[in-house]
Structures are given as C-alpha cells and as structure tokens.
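*Asks:* Provided below are the primary sequence and the corresponding predicted coordinates.
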Amino acid sequence: MKKFRKVLDGLTTSSPGGTMGSPSCGSAAGTPTAAPTPKEIDVQETLVSENFQLCKTVRHGFPYQPTSLAFDPVQKILAIGSRSGGVRILGRPGVDCYCQHESGAAVLQLQFLINEGALVTACADDTLHLWNLRQRRPAVLHSLKFNRERFEKIHTSEWLDNLDHYLIERFSDGLFSVFFKIAPICFLLKINKILKAIHSVSWHHEGKQFMCSHSDGSLTLWTLRNTTKPFQVTFPHGKIQKDGRKESCKPILKVEYKTSRSSEPFVIFSGGLSYDKAGRRPALTIMHGKAITVLEMDYPIVEFMVLCETPYNNEVQDPYAVVVLLEKDLIVVDLTQSNFPVFENPYPMDIHESPVTCTAYFADCPPDIIPILYSIGAKNKKTGYSHKEWPIGGGTWTLGSHTYPEIIITGHADGSIKFWDASAFTLQMLYKLKTSKVFEKPKPGEGRAAELGEEDPFAVQMVSWCPHSRIFCVVGISAHIILYRFSKYDANTQIVSLEVRLQCEPEDIITPSENENNPCFSEPGSHSPQPHHQHPLSPGSRTPDGAKDSIPCLKVKDKMVRVPPGYQSDLVIQLLWVDGEPPQQITSLDLNSAYGLAFGNCNGLAVVDYLQKTVILCISTLDLYGATDPYQRLTRSPRRNRQSTSGINRLFVSYSFVSVKGPGRKLSLPTDLKTDLESRENSFSRSRSSSVSSIDRDTKEAITTLQFGESYGRKSDALPTPCLWVGTSLGVGILIPLSIPTDQEERMEDPVTVGPSGKLQMLKGSVLRFGFLDCNGALIQSPYEVWRDLNAPEDPDRPRRRKLVHFSPSSSQDAFGEGHLAIVCSERQAKVFLMPSQSCLFVHNITESSFVLRADVVSLCNSVCLACFCANGHVMTLSLPSLRPLMDVNYLPLTDMRIARTFCFTNEGQALYLSSPTEIQRITYSQEMCDNLQEMLGELFTPIETPEAQNRGFLKGFFGGNAHTFDREELFGEAAAGKASRSLAQHIPGQGGVEGMKVAASGAVGELARARIALDERGQRLGELEERTALMMTSAETFSKHAHELMLKCKDKKWYQF
C-alpha cells in the first residue's frame, strides 16, 4: 500500500515540480483558491518487477530481401531465407515461425532433413547451421565454420540410398562431376564450347538423362549414352526471324524437369523470354506436352520450387504445385488444373503492397467489431483462386487460452488503410479503405502536389480510431484530415469539405496600439474566434504579389457519390496554401466521439466540431498562453485579415493570429520523427536545455500531443468538465476547458465554446502523452458516443438518439470533488499531478543521454503502468502513480527512422514496430505472456510416418545393371575419401543442442523437456526396430514356405530325375 499526501497549493510554487498560476480568463479563472486540507490518498500498486519480461513473439509479413527457399515434402512446411540472416518457416495458417542467425550473414541455401525435424542453413560467412525444429521456437543444434574453403551449394545425403544420382558440382571450365549410386564413379561431361554457359541442371527420375538451362535462352537434354553432345536442343521462346536466325532470348536461370504418371512431363523454368519487348515483366514458363503457358509476375523471381507427391527423386514425381518466391511476394501455382490458377495465400504477405507509413495497435477490442469488419471486407475479396486447399499445410496450431480481440491498423503511401485481425498471434486482413477516393484524381503534372514534386499526395501520416463508436480519422501528408463513420448500408452522399488557414509569417515589430486585432483571449467571453468577411477571394485567386493563395493541396469531389458499406467519409478538413507557401504537416491529432476533433502543427491548434462541421477554435501556440507566456519572445504583428468564402457544402474559415512562418519546404513522406519541429542529428544524439529563457525568431513551438477527457479546467472547479489537454514541443502542458451542450437538440444547434486556462506545467523535452487515473489508481477511459448507424432505416419504436458513455473521475469515489491524477510524459521526464489543485506529486527523469520516442499509459494485470521506448533502444516501464522503475531493457538500438515512426504500445503488455519495410514484429513485455508463449505458438514438427519407396521390381533390378546401394560411410567415409583435416572447419555447439540445453534448461520444466525429447527418440528407435523385425519375420516366413514347397516337390524324385 502506497500512501501519498496532497501538497498545499501555497507550497507548490517553491517545490521543484511546482506549477505556474493559470492566466486570467473571465473573473474567476485566475483567482487564488483556498488550499485544501491535506488528506491521504491511498493507492494500491500491484505491479512489481516480476510482472515484466521483454521478448519477441511473432513476425508478420513478407521476408525482406529473400534469398533462398526449401520445402519438406513429408512435413509440408516451407522455409525462406533472407539477406539479413533471417529464416521464416511456414506451415498451415497459424504456423509461422521466425529464426535469426546471430551473425546476421545472408542465408545462401536452405535444406530440410526430410521428415527429421531439422533444417540446414548455409550462410555467406561460410558457416553451416543445423536447426532443431522439434520445438516451438527452433534453435541451432550445431554449427560448422569453414576456415579455408568457400561453398556455393549444399545437398543433404540422408536420402542417398534412394537416389540414382547424388551430387552435381559445377566447375569454372564447364565440367560437371556426377555421382551415381550404381558405382562410386565420377562421370565427366565436357560441355561443347558451342553451347552457352549453364545456369541449372534437372534430372529425370530414372537417372538416365537430365536437362540443362543456358544463358542464351535454350534448354538442352542430355543422355548418359552420349556425353559428347546433347540429345535435344530447344529454344522455348525463340522465334525464327525473316533471315532464318533465332531471335536472342534472356537466360533461363533455372529449370525443373518433372515426370507424371497420367500426363506428359512438366518442364518449368524462369526467364528465357525474348528481348524484343522492352519492359517485359519477369515470367515463369510451364511446358506441359505441346502447351506452353507463360505466367507473368509483378516482381523479379528469386527462386521457385516444384512440389511433388513423392519425396523420393528416383520415382515418378507427379508435381501438383509450384512455389514461386518473388522479391516482394510469395505465390503458389496449382499444376493440377489446365489454366494454372494460384492458391489464395493465407499468410499476410501483402502488408507492403504500398509502403507502410504508420501503424496503430488496439488490444482487447469490442468482440463484435472483428466480425463486422470481416463481413464488410469479404465482399471485396479477389476471386479466381484455385478451389483446392493450401498445399503448405504442415505443423499444428490451436487457439490458446489467453486470447482476446486485437486489431492492427496500417496506413500506406498510396492513401490506403488496412485493418488486420491480430488475435492469437495471427494476422488476417479484415477490411481495406482507400482514402484517395475522397479526392479528384490529379492529372499528371497538375495540382499543387505535382508542383512540389510529391509522389504520394495521399500518404497516411497518422490515424485515430475509436472502436466503440466506430469513428475513424486519417491524417494525410498533404495537410488533410478525413473523418469516417461506419455504416452497414451503402448510401449516396456528398462530401463536406472544411478548409482552414493555419499559416503565419513574421512581421515588423509593432507598437501596442497595433495589437487590437490580436485574437488573444484577453477579453472575457471572446472564447470563439469569428471569421472575417471582407472582400471575398475565390480559391485559387492571386494575391497582389502574384502568389497563389487560399487553395488546398488536393481537390475534394464536389458531386454526389455512391459509397459502399463500411467506413464512409463524413468530413474532410484541409489546410490552405498562403502566399505560395505550403501548409505545414499536421503533427498531432485526437478524435473523441463525445467531444470533437483537435489537431495541431508547428503553427498552432485547431478544434473542430465534427457534428456541426464547424471550426470552434483556430489559434497559434503563442496565443494559448495568454498573459502567462513563460518565454521571452520577440513581439510579432498579426497577419493581415484574410477573406473567406462559403458554399453549400464547402466552408472556408480564416482567422488572424500572432506567430511566425518557417521557410517553404517540399512535402515528403513522414520519414522523420517530428517534421519541422526541431533539427536533430542523424545519430539521435542531441541535448536540449531543460529551461529555455528565450526563443529565436525562427523557432516554432509545435503542438506535439492532444488528449480529450473530463478534467478540472481551473483550480476552483468543483466538478470535472470536458477539457482538451495540449502538449507542445517546448515541454509545456496546457489545459483548455470546453463548454458542450448536453441536450441532443441543443448539441446540434448551439455552438461549442472554448476558454483557455493557461499553462499547467513545464517538463524537459517535448510532451508526448497524457493519461488520467482516479484517486484509487484506476485508469480513466475517455468518454465516447455509442455507435449508431446513420444510414439504417428509421424505426419509429426505437428512434436513434445520441448516447454517451462517460468515465467521470468521481464515478468510482464516494463523493464529488475528490479530483483525479494526471500523468504527463515528455521526451526526458514524467510527472504526476493532482487535479484540480495542479500539485505535482511525483517526478521521474526517464533519460538524460537519450530521449523518449514513444510513451503510453497501458493496462496490464488489472493495473496500469507507463511504457516508454527510447532512441537508445531501451524499453522501460514505470509504475503509476509513483513512477517507480519496473523494467529497463536494452532491446533495440534505433538504426532506422521506420522503427521510430511505427513503434507503438498497447494494453495487455504488447507492442509492435515495423522491423523491415515488409515485416511487422510483435513483442511482449508481460511475464505472463512470456510464460504462455509456448502454448500460443504453432508446432512445426508433427510425427508422420515416412512413406515407403516403391519397389524396383525383379525384372527392373535384374536387367538394370549391377546397381547396388551405397551408404554415406561407403561413399564419403574415411575409408573411401580419407580423413578430413582438422583445420578445414571448426565445430561450434549451438544453444539448441545438448550442450546448450544443459546450460539453458533448469528446474522441472527443463527436466520434463529433456525427458520428452529422450522419450520421443526412444519411441522412434523402437518403432524402427519393430518395422525391421516385422520385415525380417515376413522374409523368414516366405523363405520357409518356399523351402517347404521345394522339399515336397523333390521328395519322391530319384537322383537321375534332377
């Protein structure tokens, strides 16, 4: 039990965490109030350090920069290697595992030990690794580091007894060495100099012929009877020109020659197209009999692999699918149908369909939101897929007990929004929204975005979503905001556009008499600025200096449009160009269905009533302070009054305010942490003074965070009222009370008024997050409006009325006026205030050498904490309200702006970030989640009986030559190949081996794991012994039967009858 005492208001001004008085606004806003009697506040903090542990959980998306591919035909699992040393292993939906080599070297080749639960990886640092897949999180059993040799290709030999050929090794002079099982003899095939370089070789299953692909786009078929020249030469895509010569073709990089029992053989290859057409896409060609089918791909082909019914290479293959690994996609083609359709991919391989620019993560969502989004999104799914089941169906996965609805939202460069179901460590797309449909399609080379050279004018910068009210808001790179409402019905609607001028410029120093046009809140009752109506200017008109003025970056559709069910645009807000200067990017946004919408940038703040579709506040950051500005600023003059025009569905709002204008800039994707806020070094090492006494003329104070909620706008308030909390880049927290009508009819007619309260507190660094707790330490949720479908048919018995759900700070306490706790977190420190007295109870300096990138107040284990991610890679959690450090882990050094832009925390101890341009990495900082992780992950290895090889038959074995089986020891043992040099390679035991298990495993869990592994191995050996015993018994019975028959036949014969 933690006991905290309220601090007297009269003592706060002298304390290090003391607050500054609120400015005068009206008669009672700045009046000192009597200090409350000290009273104990009992808060029970249940979170301790043992509740936290940081670990990675799952990785979603397409492997970035893939290099290799492998498939286990018995276990039916697929492995993909990448250039960064990562390995993704995929099975049935839900079976998705990510492994990472510690060296980070590129994975050159992958090879499964078929049906053994093991994987061999060959890396670019000349190291072989053996991975154990018989556990939910694979680990390296052994590694072999080559010291003097470099390898280009590996092949496992556990199936050597069933191969007619074993190894093909390519030499620089065009020689190939081929090992056959008929004898340990090396056949040397001297390739004719007339033929071009060879890229790949594929054997016929009988081992008597093979096919080669060449750099001139040809395929050659060789037989072992004649090794001097190929049996057949074909140019699949080489047409005969008028002069009788073959047209030149691209190289065929790989060929697969597969036989089939029921049809002609399949010849599948990549490349080989003619050079006649420029800009042709990469293609995969399937030759089946006389038919040639060309499948064009969207990206270059990295590797492809044909999936066959049998795991043995010396049997008829019967191919049924081909897996094609592209640079940015993975597709599987169905070979059993004549039109070769593709399978529908169950994995989220299209996250990067357009580059991801922002992310949002919501845990413990309302249970009905996922089925609704899925039902709407299913109507727009693509068709034409193969009707057969996904062929990569290995592993097992069950729904864990610790699951709850989770949704991930990704914003993309093309303006699209994707909603993903992230429950139970899976990821499936629910619904896709295209924000570009709100605007007119700009013609090439036209529009303000084109003048700036902006390639992605619709790129999403940030999103805000209320799952309960189903209201969604999007901020775009072109300084635009789109508000969406959810409906299960389609509708005809006309989009309402609201244009706001939030741009300013420096002027000469003015005299006090010129300050009469300053809309600072110096007059009582002047809480809502009014637009000026003087000599209206039409949008796009020119100012006296010839620059374009009062025009947005994008043009909203001004006609009636038909919108399908789902999220439908309700309001579009755009910032305007002023005197040829583009609007500054929006740096903060908050949407609350009960109160309204607020956004800000480096010029100021705007608050919008989305119900009445009006601007209720548009003010510069300087004017928010009123008369209590803590900085010594140079005097500015107000901008000249701008004019406004109004239309039926288009509103133009213009306000005058005091601030400065930064230099013109080019709109770009949000690749920096905080655009135009302050210059930072690329190494993220900077220092900022904790107290700034004066500000340069060109420095702007940006709005960095906003939060609606019920609070006490003034110290004298007895009851909480709607408020807007504003955080700035100079570490200032400002509280703005709102006056919102409560009656539904009045809410749609009476205006919402705003009155500033002044600065709350100074912190070190930019303010990042606000949070609220009641005096018992429970998290106070923001109020919201219950969702209602505005397009649903009217029901006279149940009229649609606006219903609000409030979480008042006093709702969980015995009496009103008890107040609540406010948490304010900045880049350097966190503070806890007691409202309404604004007394600072706790201060914690989070970091001195770095700065916080992301901070959130999250729920965990029926309690709350403050989670922070710093630029130096540390992930920290602090208790609330005492701000006691609970966890500090050096997890991820910030090496890419992408991580800082996409890192986000959520409830239940989870977080995510974009680990690469194509992958989302999810992590957990909850000990409970780490303990249950093994249960929630899929099982890669499933005990399956290995299919038996086909019998060769008596006649085939009798007339097939002197073939006999060689084992590995006979071919490559010391007797045949000699003893290997000890300096050739170095053996490195892995953490997943017996040596690593002895160190890592401890306690009962480790003992049980070892016992289970030993039991599985013993059971496998017993099974093999039983099979061999049964085979021997069958053979003995057969021999005994034949001997008995021979005895009876020869019993009565004389010696001369034989």
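*Replies:* Sure thing, it's come through. Remember, it's a predicted structure, so these values are computed and weren't measured experimentally. Numbering: from 1, shown residues only.
*Asks:* Specify the local secondary structure of the residue nearest the centre of the chain.
*Replies:* In the chain, the C-alpha nearest the mean C-alpha coordinate belongs to Ile920, at 2.9 Å (Cα atoms, centre = their mean). Secondary structure state of Ile920, per DSSP: H, G, I helix; E, B strand; the rest coil, is strand.
*Asks:* could you measure it against Glu785, distance?
*Replies:* Ile920 sits 31 Å away from Glu785, going by Cβ to Cβ, to the nearest Å. C-betas here are computed from N, CA, C, even on glycine.
*Asks:* Who does Asp888 form a beta bridge with?
*Replies:* Under the criterion DSSP bridges, Asp888 forms beta bridges with Met876.
*Asks:* Hmm, I typed the wrong one, I wanted Gly733.
*Replies:* In this entry, Gly733 is beta-bridged to Gly727, Gln761, by DSSP bridges.
*Asks:* So that it lines up with my notes, have the first residue be 91 from now on.
*Replies:* With the count now opening at 91, the last piece we talked about shows up as Gly823.
*Asks:* Quick check: pLDDT value at it.
*Replies:* At Gly823, the model reports a pLDDT of 92.
*Asks:* State the number of residues packed around Arg591.
*Replies:* A count of nearby residues for Arg591, using other Cβ atoms under 10 Å, gives 26.
*Asks:* pretty sure it is touching Gln664, no?
*Replies:* No - counting by Cβ atoms under 8 Å, Gln664 is not a contact partner of Arg591; they are 10.3 Å apart.
*Asks:* And for Cys1140, the neighbour number?
*Replies:* When neighbours are counted by other Cβ under 10 Å, Cys1140 registers 10.
*Asks:* Distance check, it against His1134.
*Replies:* According to Cβ to Cβ, Cys1140 and His1134 sit 11 Å apart.
*Asks:* what packs against the host helix or strand of Ile382?
*Replies:* Using DSSP states H and E, Ile382 maps to strand 381-386. Packing partners of strand 381-386 (3 or more Cβ pairs under 8 Å, 6 or more residues apart in numbering; DSSP states H and E): strand 373-378.
*Asks:* who does the strand it packs on pair up with?
*Replies:* strand 356-361 (antiparallel), strand 381-386 (antiparallel).
*Asks:* in the last one, what's buried?
*Replies:* For strand 381-386, the buried set under the neighbour-count rule, 16 or more other Cβ atoms under 10 Å, comprises Leu385.
*Asks:* The strands paired with strand 373-378: which one's closest to Val922?
*Replies:* If you check each of those against Val922 by Cβ to Cβ, strand 381-386 wins as the nearest, at 60.4 Å.
*Asks:* Now do the next helix or strand after that closest one, average pLDDT.
*Replies:* The element immediately downstream of strand 381-386 (helix or strand, assigned by DSSP H and E) is strand 391-398. Strand 391-398 carries an average pLDDT of 96.
*Asks:* Kindly report the same for stretch 487-504.
*Replies:* 89.
*Asks:* What residues sit buried inside it?
*Replies:* Within stretch 487-504, the residues scored as buried using 16+ other Cβ under 10 Å are Trp487, Pro495, Glu496, Ile497, Ile498, Ile499, Thr500, Gly501, His502, Ala503, Asp504.
*Asks:* who's Trp293 bridged to?
*Replies:* Per DSSP bridges, residues listed as beta-bridge partners of Trp293: Phe300.
*Asks:* from what I can see it touches Thr349, true?
*Replies:* No - between Trp293 and Thr349 there is no contact under Cβ under 8 Å: 10.4 Å.
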